[in-house]
Structure formats: structure tokens, C-alpha cells
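K.L.:
predicted model and sequence follow; I will ask about them next.
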Amino acid sequence: MANRAFFGLKEKANQAISKINLKLEEKLQQTISQLEQTQEKSHKECLQATLDTIAHEIRNPLMALGGFARRLAQIATDDSELKTYAQVVINEASRLERVLKDINEYCQTGSKFVFFSLPKQNKFSILTT
């Protein structure tokens, strides 16, 4: 009789331990999932902050470069090489400004990053001919 009671108690203890293990496994999975989500969010926030800083640091000298190139293009004669070179700089500065605008939009919206397409023609071929 004592053996039967012992085995019954042992069975109940095993069932209770199984329920506890199941709950612990569920809680562990929830915790792991939350940790992964937190890491992903933290990584995205870090990436956004980095891109925002890079865009900001590039924007000011780029604006100065484009402004000086526009001024050179205004004072150069219509058929001069200087005007041609200044126009190349203006075009490339404008393209970089668009890239920075896209980066800024990404940082503000958190949307998926849009990869920029490079121009099909090499704009600097004018300089080598």
C-alpha cells in the first residue's frame, strides 16, 4: 500500500514538474522573442542615427561645393571649359543631394532602404577627352 501511495505521489510530482517545465519553456521562448525584437529595433535605431549623422556631415560641404560651382558657371563664358567642368560638378552635386534626400527620408520614416542607381553614362568622360 505504501508503494502504491509513493508511486501515486511520484506521478503527481512528475506531472506538476512537467507543467512547470512547459510554462518555463513558454516564458523562455517569449523572453527570447522579446530580446530578438529589442535587438532588431536597437540595430535599426543605431543604423538610422548613423545614416542621419553621415548625411548631415556630407550636406554642408556638398551645398558649398554646389554653390561655388553654380557661381563659377555663371561667371564663365558660354564656350569655356570652366563652364563645362562647373556644370559637371553641379550635376554631380545635385545627384548627391538627391541621395542625401533619400537617406534623410529613410531615417525619418524607417522604411526599407532604396538603393540608388548609378548613371549609365560616365559624367567624367568629358574631363578625359
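P.N.:
Structure received.

K.L.:
center of this protein - which residue?
P.N.:
Nearest residue to the geometric centre of the chain (Cα atoms, centre = their mean): Leu47, 4.8 Å.

K.L.:
nearest spatial neighbour of Lys83, chain-adjacent residues omitted?
P.N.:
Once flanking residues are discounted, Lys83 sits nearest to Ala76: 3.7 Å by Cβ to Cβ, 6 or more residues apart in numbering. The way it works is simple: take the backbone N, C-alpha and C, and place the C-beta from them, glycine included.

K.L.:
who's in contact with stretch 66-73?
P.N.:
Residues from elsewhere that reach stretch 66-73, judged by Cβ atoms under 8 Å, 6 or more residues apart in numbering: Leu82, Lys83, Ala86, Gln87, Val89, Ile90, Ala93, Ser94, Glu97.

K.L.:
drop anything exposed from the residues you listed.
P.N.:
Buried subset of the contacts of stretch 66-73 (neighbour count, 16 or more other Cβ atoms under 10 Å): Lys83, Ala86, Gln87, Val89, Ile90, Ala93.

K.L.:
my guess is the first one contacts Thr77, does it?
P.N.:
To tie it back to what came earlier, the one meant is Lys83. Yes - counting by Cβ atoms under 8 Å, Lys83 does reach Thr77; the two are 6.7 Å apart.
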